[in-house]
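*Asks:* okay, here's the prediction I keep looking at, along with the sequence it came from:
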Amino acid sequence: MADIVRWYILFANYEQGMALHDLLDRHEIKNRIAPTPRAIQGELSCGISLLIEERELDAARKCIEENHAPHHSIVPLAGQLKSHRDKYC
Amino acid sequence: MSDYVQMWKDLGMDLETHDLLCQVLPTAVGDVFLTQENRPKAMDFWDLVISEVHGIRPAELVKAQAEGRKVFGTFCVYVPDEVVIAANGIVTGLCGGSQFWVPGGEAVLPKSTCPLIKASVGARLGKTCPFFRIADIYVGETTCDGKKKAYEILGEDVPMYVMDVPQMKRPEDIVRWKGEIAAFAKKVEEVTGNTITPEKLAEAIKIINARRKAMKRVYDCRKSECLPISGRDVLLMTQISFFDDPVRCAQMCNRLADELEQRIKDGVSVVPKGTKRILVTGTPLAVPNWKLHNIIETSGAAVVCEEMCTGTRYFENLVDESGTTLDEQFMALSERYMKTNCACFTPNTGRIDDILRMIKEYKVDGVIDCNLKFCCLYDTEKYAVTRALKEAGVHVLSLETDYTDTDAEQLRTRIGAFVEMLNG
């Protein structure tokens, strides 16, 4: 079975991330604060990202655009959340 | 978390090795916490903190130090935070919960030392944790032989102060612990340059009592048959409370408790009705040790209580706030802290009483008694704990583990069978 693709909104700093988190919450667009997976972090300077499901993607993009919400990018990533992976740190 | 690179450089950290740790954390956080559905909204705060765990709070501590405040790193719930706060100091927990740090500890300690001690020493000597770099002084205690010897090694690298915890709970031992607290207060005054007055200590006692009350509110919600929060989420809250600002911690825990109380009223549970309720007892689960809770809660059960230092031992029992002299306040602190039932005491029947009480309070279906490998004290107490639980007709599973992933499958098999047995 193919891995589920989820979308991560990336930021330059956590203040931007928290501001968008609040904005999306106000618009009832489901999003969760997540540590940014290294695979997509690149040289960005922020540890947090906002995790959204594919079904919320269009609403999130619209909300960001209408509110000129600062963010870096929105990136898809597959296979990130596996409760039985048993890889701890 | 590269935003904090300059801070980490200034702290003398090994950036290259630390980066390896930063790479694995997001996967573990995602797997353990973000796979859960219907989490309380108030968990946002702890999701933020864990996402920036080596950034936001360390930066706050560094800023406070620049303003002249001192940071005390501690390893045990017996060290009284109140004394440090009364001198305008800051407390941060330092127990290492990651396998990442264990090899560094094994470089100077016997392999047959518990992983918590090895990880703590490895985090300091390997220069891969900002909290271990920031603390101006470490405060140890004599709760086990492994820690005592490890503190000698750490003391060669960082200022170290060790409190001598009594091994029994006779009236004279409570008086002796009061003396240890008074001596610690003198050390805190020396390090901070601030005098501890009865007024300041009274205020500090209120601050820490408020944190205890707030955490207890969250735990009380877990007593409901309608379980409004997972064990994993409460564990994260508890782990982070050890290094967060205590006033903010109380605020956030109260905010979470408000939501949980509402969830109970609304009948919102994170698990299906009939899910078996587990009490976990034993050695502490220092951040980021989430293995046991994750395996239990992805095996069809829910953790509803932790009788451990990263659990009820941290917040149960309040300090009497009526003292008006330092002498009275030190005694009140001693009386409260000596109620904590650690396996370093003999006898330690109070722990069994606690477990039996919590089984009723939290409506527990089964107990998992788990200790870290090479923790002789808790391993030995398994005999008396298991016997008492069997006499009470409570199902118990005894486990031993460490910080590696290698026993995860075996744990899944044993825990899965235990849950299946509970389900009848």
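*Replies:* All right, it came through fine. Numbering: from 1, shown residues only, chains lettered A, B, ... in the order given.
*Asks:* so the most centrally placed residue in chain B versus chain A, what's the distance?
*Replies:* The centroid of chain B falls nearest to B:Thr310 when counting by C-alpha atoms, centre = their mean (3.0 Å). B:Thr310 sits 15 Å away from chain A, going by C-beta to the nearest C-beta, to the nearest Å. From N, CA and C alone the C-beta is placed, and that goes for glycine too.
*Asks:* and for B:Lys186?
*Replies:* In terms of C-beta to the nearest C-beta, B:Lys186 sits 39 Å off from chain A.
*Asks:* buried set for the helix or strand containing that residue?
*Replies:* For B:Lys186, the host element (DSSP states H and E) is helix B:171-192. Within helix B:171-192, the residues that count as buried by 16 or more other C-beta atoms under 10 Å in any protein chain shown are B:173-174, B:176-178, B:180-182, B:184-185, B:187-189, B:191-192.
*Asks:* quick one: contacts of the helix or strand bottoming out on mean pLDDT in chain A?
*Replies:* The helix or strand of chain A with the poorest confidence is helix A:38-41; it has a mean of 85 (mean pLDDT, DSSP states H and E). For helix A:38-41, contacts defined as C-beta atoms under 8 Å, 6 or more residues apart in numbering or on different chains pick out A:Tyr8, A:Leu10, A:Ser49, A:Val75, A:Leu77, B:Ser2, B:Cys22, B:Gln23, B:Pro26.
*Asks:* scan those residues and report the most crowded one.
*Replies:* With neighbours taken as other C-beta atoms under 10 Å in any protein chain shown, the top of these is A:Ser49, carrying 31 neighbours.
*Asks:* for that residue, give me the pLDDT.
*Replies:* The model reports A:Ser49 with a pLDDT of 95.
*Asks:* so it sits in a strand?
*Replies:* Yes. Counting by DSSP: H, G, I helix; E, B strand; the rest coil, A:Ser49 is found in a strand.
*Asks:* who's it bridged to?
*Replies:* Using DSSP bridges, the bridge partners assigned to A:Ser49 are A:Ala34.
*Asks:* so which bits of the helix ranked longest in chain B are buried?
*Replies:* For chain B, the helix with the greatest residue count under DSSP state H is helix B:198-221. Of the residues in helix B:198-221, B:200-202, B:204-205, B:207-212, B:214-219, B:221 count as buried by neighbour count, 16+ other C-beta under 10 Å.
*Asks:* what does the stretch 1-150 of chain B put close to chain A?
*Replies:* Counting by C-beta under 8 Å from any C-beta of the partner chain, the positions of the stretch 1-150 of chain B adjacent to chain A are B:1-3, B:21-32, B:34-35, B:39, B:41, B:44, B:47-48, B:50-52, B:55-56, B:98-100.
*Asks:* contact residues of the stretch 151-300 of chain B facing chain A?
*Replies:* Counting by C-beta under 8 Å from any C-beta, the stretch 151-300 of chain B sits next to chain A at B:Pro288, B:Asn289, B:Trp290, B:Lys291, B:Asn294, B:Ile295, B:Thr298.
*Asks:* can I get the residues you listed in a markdown table with neighbour count and distance to B:Pro115?
*Replies:* Output for these, formatted as a markdown table (neighbours: other C-beta atoms under 10 Å in any protein chain shown; distance: C-beta to C-beta, whole Å):
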| residue | neighbour count | distance to B:Pro115 |
| --- | --- | --- |
| B:Pro288 | 24 | 13 |
| B:Asn289 | 27 | 9 |
| B:Trp290 | 23 | 14 |
| B:Lys291 | 26 | 11 |
| B:Asn294 | 28 | 17 |
| B:Ile295 | 25 | 17 |
| B:Thr298 | 19 | 22 |
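*Asks:* okay, and which of these map to strands?
*Replies:* Among these, no member falls in strands (DSSP state E).
*Asks:* just give me the closest of those to B:Val268.
*Replies:* When those are compared for distance to B:Val268 (C-beta to C-beta), B:Thr298 wins out at 20.5 Å.
*Asks:* give the contact list for that closest one.
*Replies:* Counting by C-beta under 8 Å, 6+ apart, B:Thr298 has contacts A:Ser83, A:His84.
*Asks:* do the same with B:Ile352
*Replies:* Per C-beta under 8 Å, 6+ apart, neighbours of B:Ile352: B:Ala384, B:Val385, B:Ala388.
*Asks:* how close does it get to chain A?
*Replies:* For B:Ile352, the distance to chain A equals 30 Å [C-beta to the nearest C-beta].
*Asks:* so where does that residue fall, helix or strand?
*Replies:* Here B:Ile352 is assigned to helix B:349-361, by DSSP H and E.
*Asks:* and if you look at B:Asn88?
*Replies:* Judged by DSSP H and E, B:Asn88 forms part of no helix or strand.
*Asks:* repeat that for B:Tyr151.
*Replies:* helix B:145-154.
*Asks:* buried residues, that helix. List them.
*Replies:* Those would be B:Gly146, B:Lys147, B:Ala150, B:Tyr151, B:Ile153, B:Leu154, for helix B:145-154 by 16+ other C-beta under 10 Å.
*Asks:* excluding chain neighbours, what is closest to the second one?
*Replies:* Beyond its immediate neighbours in the sequence, the residue positioned closest to B:Lys147 (C-beta to C-beta, 6 or more residues apart in numbering or on different chains) is B:Ile117, lying 5.9 Å away.
*Asks:* tell me what the lengthiest helix in chain A is packed against?
*Replies:* For chain A, the longest helix by residue count, based on DSSP H, is helix A:14-26. Counting contacts by 3 or more C-beta pairs under 8 Å, 6 or more residues apart in numbering or on different chains; DSSP states H and E, helix A:14-26 is packed against strand A:32-35, strand A:48-52, helix A:57-67, helix B:44-51.
*Asks:* which residues are in contact with the second one?
*Replies:* Applying C-beta under 8 Å, 6+ apart, the set of residues contacting strand A:48-52 from outside is A:6-11, A:14, A:17-18, A:20-21, A:24, A:29-37, A:40, A:60, B:34, B:48, B:51-52.
*Asks:* for B:Gln239, give me its contacts.
*Replies:* B:Gln239 makes contact with B:Gly97, B:Leu285, B:Ala286, B:Val287, B:Pro288, B:Thr310 under the criterion C-beta under 8 Å, 6+ apart.
*Asks:* isn't the fifth one right next to B:Cys95, touching?
*Replies:* No. B:Pro288 is beyond contact range of B:Cys95, at 11.2 Å (criterion: C-beta atoms under 8 Å).
*Asks:* wait, what's in contact with B:Tyr219?
*Replies:* B:Val234, B:Cys305, B:Thr312, B:Phe315.
*Asks:* what of B:Lys148?
*Replies:* B:Gly140, B:Thr142, B:Val162.
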